[in-house]
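# Would you be able to build a 3D model of this:
(one chain, ligands or ions: 3)
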Amino acid sequence: MNFRALTSKVLRSRTARTLAGSVALTLFLVQLAVYLPSVYTQYSGLVREQSGTARTLVQVGLYGSQPQSMEFQDGVIDESLVGLVLLDSTGRLLLNKGNTLDFDPAAAELPEKSGWVYPAAWQLQGVESSVSAIGFLDRSGILKASLIKASALSVFALLSSILAGLVALFGAARSYIMPMERLIGVLREHRQNSEGQVPEPIKVITDDDLKPLAEEFNGMIEAQRKAARQVKVKQQYLEFAAHHDPLTHLPNRLMFENTLRTTVQETLASDLRFSIFLVDLDNFKFFNDQYGHLVGDKMVAEVGNRLRTMMRDIDLVARLDGDEFVVIQKDVDASVCAEEVAAKIMSVATAPYEYRGFTLKTAVSVGISSFPDDVHVQQDEQMLGEEMVNNAAVALQEAKSNGKNQYQLFNEKMRLRLTARIRLEQDLKIAMQDNQFEVYYQPKINIHTRQCTGAEALVRWRHPVNGFVSPEAFVPVAEETGLIIELGAWILQTACNKTRELQSMGYEGLNVAVNISAVQFTDGNLLPMVSKALEVSGLSPELLELEITESAVMHDPEEVISSLHELSEHGMKLAIDDFGTGYSSLAYLKRFPVNTLKIDRAFITDISNDNDDVAIVEAVLGLGKHFNMKVVAEGVEDEEQLNFLKSQGCDIAQGYFISKPLSSEQYNHWLERWPFGVQEKPVPDIVLELPAPEEPIRKAG
Ligand code: C2E
Ligand code: MG
Ligand code: MG
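Numbering: from 1, shown residues only. Ligands and ions are numbered 1, 2, ... in the order given. Model (predicted):
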């Protein structure tokens, strides 16, 4: 049953009730109309009679008039009457003629009928108080007629019966109609405004008809209240969930942003300052991989809890992302040093944590930005907040790139770097649209035959204002912004097209090495992208070598191993770039389906002077030989280096001594003019047997 149905039920019940009530009222009025005149006639006759007699008696009593013969009508004074009683207005007995109050009917000698009234009247002489009642008593002492009192009683009885009738009517109206009307009113109001407040329940009245309706109504109200309560609880929960992080129960990013805005407003209106601390767990991915996500979550929750406990209630501790927290320290005066707070944050967050028998420990990096010192105050509150966060993020980045496990306060130099960085990001996007990139090719040669084996494709950015921008400056930014995906695909396609073009010009055996960044590797789209480039260009896969830096490979070796296998199965060659700089695990190296190791140029540069570098180069060559991989030496700048590498059995060399990176056109010219010719077939995978060094190239010491 709903409120609509209940309303119509109540209305039907009221109609029936009103009908029944009207009939009852009509009957009552008809009765009144019929009986009232006759009752009145009888009554007024009686009153007239009795009051006439009483008047006479009272006159006799009060004024001591001579006794007169009093005529009593029949039916009022009869044979049985033996006494007369007079009472005053206070009910005091004035006269008890005939000693009637302790009258003994057996012993008494009755006065003559005509005689006893007179003595009574005589006795009234001198009585001053007014007489309120006169009663005649019969032989048994029972009051037979009470003249004045009787009249008063009769009037009272009539009035009271009418009053009782009215009271009964009013009561009926009150108990029948009014609750009903109220119920209807409440129902109507409720239906008109069902969005509004839930009405109060109606008090159940002792009315068999209305009671069930009211109870039904109350039941519905209760159900509605319960539903409203549940909705409220749900709303409260949703409100909480919208502003809090489910793992740590700390405020989330949304609440942080709101709080930051209000904190900026409040601080602008005061002399105080505030600071924000971006806290990021170091190497958290590694932690997760090592202990599992469950333990990682516990760690995050623990750090969040410790930060919350450490800070004051007025401060905000929020979780922004997986392992990133932010603390707003509010209302800070000049005496408070942000560095002290940062140091405390670090010691609290990095304290050991016991979990299921493990002692867990994490390091954190903290970036700090303070208001208003670190911002341009001429901005609006929103922008000031954003600037604070950006600055703290820059400081955090600084802490990370300086070796992690430390805090950094934002400073002006960082801001300049940030501005330059933002500009670079914007310019990069434009560069992609405006085709400002070019692919250059740096030839590689077989050290033993000196024939060109191919080239490494290296991207170049011709900035319209700044000229050439080094890939070392913009590739990391392209990686961070994700632009490398689009850019990398373009480079790969261009390099494959170029190499295919050279093939058609007769340079059959030339290969091309293309640098692939870690972002492209983890993107999940590498194989389709490479396959497409090969398909579009028509280049065969064994002429394409993909260079991945050692650090990218070691970042997530297991993941990389499976991707490398996939690529290798499709016939592409794989090289580990900058080998020797990225702490390769030799155990992993064994499992990588890699064809080539590229010794980082840092080890080649000083090879003539640095014994350590010699040892490293020898070790890498030994490894390559052992694992049946080709070894390419990068950064060969002179003949001495080349000869040394040759004596050590290195296969391939690349560097300024052979050629700088060349534009596509320059590369064509270079190939035409290279005196040792060009590799006619692709370089085989099997390492060449080492010829003995022709002469000792390197002097001892
Ligand atoms: P890399 O892959 O190790 O490239 C070799 C770098 O060494 C190139 O710098 C090259 O110009 C430079 N180089 C070659 N021979 C010599 C030499 O004899 N002496 C000296 N001093 N340097 C030499 P470049 O072109 O500035 O590239 C720097 C790095 O940028 C590359 O290192 C590579 O990591 C990245 N990069 C370049 N092009 C691309 C690209 O197309 N895609 C991706 N993902 N990264 C690229
Ligand atoms: Mg490279
Ligand atoms: Mg390299």
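# and for the helix or strand that contains Ala533, what are the contacting residues?
Element membership for Ala533, per DSSP states H and E: helix 526-537. Under the criterion CB atoms under 8 Å, 6 or more residues apart in numbering, residues 488-489, 492-493, 496-497, 499-500, 516, 520, 539-541, 544, 546, 563, 566-567, 570, 572 lie in contact with helix 526-537. (C-beta placed from N, C-alpha, C; glycine too.)
# Put the buried members of the residues you listed into a PyMOL selection.
Listed next is the PyMOL selection for buried residues among those, using 16 or more other CB atoms under 10 Å:
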select buried, resi 488+489+492+493+496+497+499+500+516+520+539+541+544+546+563+567+572
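# and the contacts of helix 526-537 near ligand 1, which?
Residues of these in contact with ligand 1 (CB under 6 Å from any ligand atom): Gly488.
# Which of the contacts of helix 526-537 fall within strands?
544, 546 (DSSP state E).
# and the contacts of helix 526-537, which of them are in helices?
488-489, 492-493, 496-497, 499-500, 520, 563, 566-567 (DSSP state H).
# Looking at these, which has the smallest pLDDT value?
The member of the ones in helices among the contacts of helix 526-537 with the lowest pLDDT is Ser563, at 86.
# Give me the sheet partners of the helix or strand encompassing Val279 and which way each runs.
Using DSSP H and E, Val279 sits in strand 273-281. Strand 273-281 has the following strand partners under DSSP bridges: strand 324-332 (antiparallel), strand 364-371 (antiparallel).
# What about Arg14, how many residues nearby?
Other residues lying near Arg14 total 20 when counted by other CB atoms under 10 Å.
# Just the mean pLDDT for the strand or helix carrying it, thanks.
Assigned by DSSP H and E, Arg14 belongs to helix 3-63. On average, the pLDDT along helix 3-63 is 66.
# For Tyr441, name its beta-bridge partners.
Ala457, Leu662.
# now it: how far from ligand 2?
Going from Tyr441 to ligand 2 by CB to the ion, to the nearest Å gives 12 Å.
# how close does that residue get to Ala575?
Tyr441 sits 16 Å away from Ala575 when distances are taken as CB to CB, to the nearest Å.
# what about these two, which has more around it?
Ranked by neighbour count (other CB under 10 Å), Tyr441 and Ala575 place Tyr441 first, with 27 against 24.
# helices or strands up against the stretch of helix or strand Ala587 belongs to?
Per DSSP H and E, Ala587 falls inside helix 586-591. Helix 586-591 sits against helix 557-569, with contacts defined as 3 or more CB pairs under 8 Å, 6 or more residues apart in numbering; DSSP states H and E.
# Okay, buried residues for stretch 401-408 please.
Neighbour counts using 16+ other CB under 10 Å place 405-408 of stretch 401-408 among the buried residues.
# what about that stretch, how long is it end to end?
End-to-end distance for stretch 401-408: 11 Å, by CA to CA, to the nearest Å.
# Residues contacting that stretch, please?
Everything outside stretch 401-408 that qualifies as a contact, by CB under 8 Å, 6+ apart, is 277, 282-283, 339, 342-343, 345-346, 350, 363-368, 395-396, 398-399, 414.
# Buried among the residues you listed? Make that a ChimeraX selection.
Buried residues within those, by 16+ other CB under 10 Å, are selected in ChimeraX with:
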select :277,282,342,345,346,350,363,364,365,366,367,368,395,396,398,399,414
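# Low-confidence ranges, the stretch 351-500 of the chain, go.
Within the stretch 351-500 of the chain, the set of residues satisfying pLDDT under 70 is empty.
# Look through it and state the residue closest to ligand 3.
Here the residue of the stretch 351-500 of the chain nearest ligand 3 is Glu456; by CB to the ion that distance is 8.0 Å.
# The closest residue to that residue other than its chain neighbours: what's it in contact with?
Leaving aside its sequence neighbours, Glu456 sits nearest to Ala513 (CB to CB, 6 or more residues apart in numbering; 4.4 Å). Under the criterion of CB under 8 Å, 6+ apart, the contact list for Ala513 reads 444, 454-457, 545-547, 575.
# check those residues against ligand 2, which are close?
Taking CB under 5 Å from the ion, the overlap between these and the neighbourhood of ligand 2 is Glu547.
# what's the closest of the contacts of Ala513 to ligand 2?
Nearest to ligand 2 out of the contacts of Ala513 is Glu547 (CB to the ion; 4.2 Å).
# Just say helix, strand or coil for the nearest residue to that closest one once chain neighbours are set aside.
Once flanking residues are discounted, Glu547 sits nearest to Asp577: 4.2 Å by CB to CB, 6+ apart. With DSSP: H, G, I helix; E, B strand; the rest coil as the basis, Asp577 sits in strand.
# right, and Asp577 touches Leu546 too?
No: if you go by CB atoms under 8 Å, Asp577 and Leu546 don't touch, sitting 9.6 Å apart.
# Dump the buried residues of stretch 401-408 into JSON lines; add secondary structure and distance to ligand 2 as well.
Output for the buried residues of stretch 401-408, formatted as JSON lines (DSSP: H, G, I helix; E, B strand; the rest coil; distance: CB to the ion, whole Å):
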{"residue": "Asn405", "secondary structure": "coil", "distance to ligand 2": "31"}
{"residue": "Gln406", "secondary structure": "coil", "distance to ligand 2": "31"}
{"residue": "Tyr407", "secondary structure": "strand", "distance to ligand 2": "35"}
{"residue": "Gln408", "secondary structure": "strand", "distance to ligand 2": "31"}
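# Just give me the closest of those to Phe603.
The shortest approach to Phe603 among the buried residues of stretch 401-408 belongs to Asn405, at 28.6 Å (CB to CB).
# Quick check: phi and psi on the closest one?
phi 50, psi 50 (degrees, to the nearest 10).
# How about the residues of the protein by ligand 2?
When proximity is defined by CB under 5 Å from the ion, the chain lies next to ligand 2 at 515, 547, 577.
# Skip the chain neighbours and tell me the closest residue to Lys498.
Ser664 (5.9 Å).
# who are the neighbours in contact with the one you found?
The contact partners of Ser664, taken as CB under 8 Å, 6+ apart, are 438-441, 498.
# try Leu384
264, 371, 375, 377.
# coming back round to it: gap between the residue nearest to Lys498 and Arg460?
Applying CB to CB to Ser664 and Arg460 gives a distance of 11 Å.
# ok, residues contacting the helix or strand that Arg261 is a member of?
Per DSSP H and E, Arg261 falls inside helix 253-268. Outside helix 253-268, the residues that touch it by CB under 8 Å, 6+ apart are 242-244, 251, 273-274, 276, 316, 318, 320-321, 326, 328, 330-331, 371-372, 377, 381-382, 384-385, 388-389.
# could you dump it to PDB, C-alpha only?
Included here for helix 253-268 are C-alpha records, laid out as PDB according to Å, rounded to 0.1, in the frame of the first residue of the first chain:
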ATOM      1  CA  ARG A 253      43.300  14.200  -3.900                       C
ATOM      2  CA  LEU A 254      39.900  15.900  -4.200                       C
ATOM      3  CA  MET A 255      39.800  16.800  -0.500                       C
ATOM      4  CA  PHE A 256      43.500  17.900  -0.700                       C
ATOM      5  CA  GLU A 257      42.700  20.300  -3.500                       C
ATOM      6  CA  ASN A 258      39.700  21.700  -1.600                       C
ATOM      7  CA  THR A 259      41.700  22.100   1.600                       C
ATOM      8  CA  LEU A 260      44.600  23.600  -0.300                       C
ATOM      9  CA  ARG A 261      42.300  26.300  -1.800                       C
ATOM     10  CA  THR A 262      40.800  27.300   1.500                       C
ATOM     11  CA  THR A 263      44.300  27.200   3.200                       C
ATOM     12  CA  VAL A 264      45.500  29.600   0.500                       C
ATOM     13  CA  GLN A 265      42.500  31.900   1.200                       C
ATOM     14  CA  GLU A 266      43.000  31.800   5.000                       C
ATOM     15  CA  THR A 267      46.700  32.300   4.800                       C
ATOM     16  CA  LEU A 268      46.400  35.300   2.500                       C
END
